[in-house]
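Asker: here you go, sequence then predicted model.
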Amino acid sequence: MNNLTKKKLEIFAHSNNWQTPHHLDMERFYIFIIEAYSNGDISLDKDDLMEAINPIHKLNEEESIKWIIQYEQGIELLRVYNQDN
């Protein structure tokens, strides 16, 4: 993951409402996915995710998998969309 994408992930981590999820949290995560895709980062390493989020909210295994799956699905959607355009 390049430094710009890592910084965007940290910004998301700081802006997310970890205790009481809100619909804008996912919107911010989708924006992060778009920015990561634009930077050529098409995979999210669990260690990178934990490094960015754990200082703010301690992710358990299940939560980290959920965020990684969301990321992968978003990247795949962008990849398919951009192939057709």
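Answerer: Cool, got the structure. Note that this is a predicted model, so its numbers are computed, not measured.
Asker: this structure: helices as residue ranges?
Answerer: 3-15, 23-38, 46-53, 61-84 (DSSP state H).
Asker: shaky segments in the chain?
Answerer: 85 (pLDDT under 70).
Asker: tell me if I'm right that Ser15 and Glu27 touch.
Answerer: No - when contacts are counted by C-beta atoms under 8 Å, Ser15 is not listed as touching Glu27 (10.6 Å). Heads up, the C-betas are built off the backbone N, CA and C, glycines and all.
Asker: before we move on, the earlier item: next, format the helices of the chain as JSON lines and append mean neighbour count.
Answerer: Formatted as JSON lines, the helices of the chain follow (neighbours: other C-beta atoms under 10 Å):
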{"stretch": "helix 3-15", "mean neighbour count": "17"}
{"stretch": "helix 23-38", "mean neighbour count": "16"}
{"stretch": "helix 46-53", "mean neighbour count": "16"}
{"stretch": "helix 61-84", "mean neighbour count": "13"}
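Asker: OK, contacts around the closest residue to Ile31 other than its chain neighbours?
Answerer: Leaving out its chain neighbours, the residue that sits closest to Ile31 by C-beta to C-beta, 6 or more residues apart in numbering is Phe12, at 7.9 Å. Phe12 sits next to 28-29, 31-32, 52 when contact means C-beta atoms under 8 Å, 6 or more residues apart in numbering.
Asker: tell me which of those is nearest to Arg79?
Answerer: Phe32 (16.1 Å; C-beta to C-beta).
Asker: and the closest one, how close does it get to Leu78?
Answerer: 12 Å (C-beta to C-beta, to the nearest Å).
Asker: do the same with Glu10
Answerer: 21 Å.
Asker: also Asp41?
Answerer: For Asp41 relative to Leu78 (C-beta to C-beta), the value is 11 Å.
Asker: cool, Thr20 as well?
Answerer: 29 Å.
Asker: ok, Leu4 next?
Answerer: 17 Å.
Asker: burial count for Leu59?
Answerer: 19 (other C-beta atoms under 10 Å).
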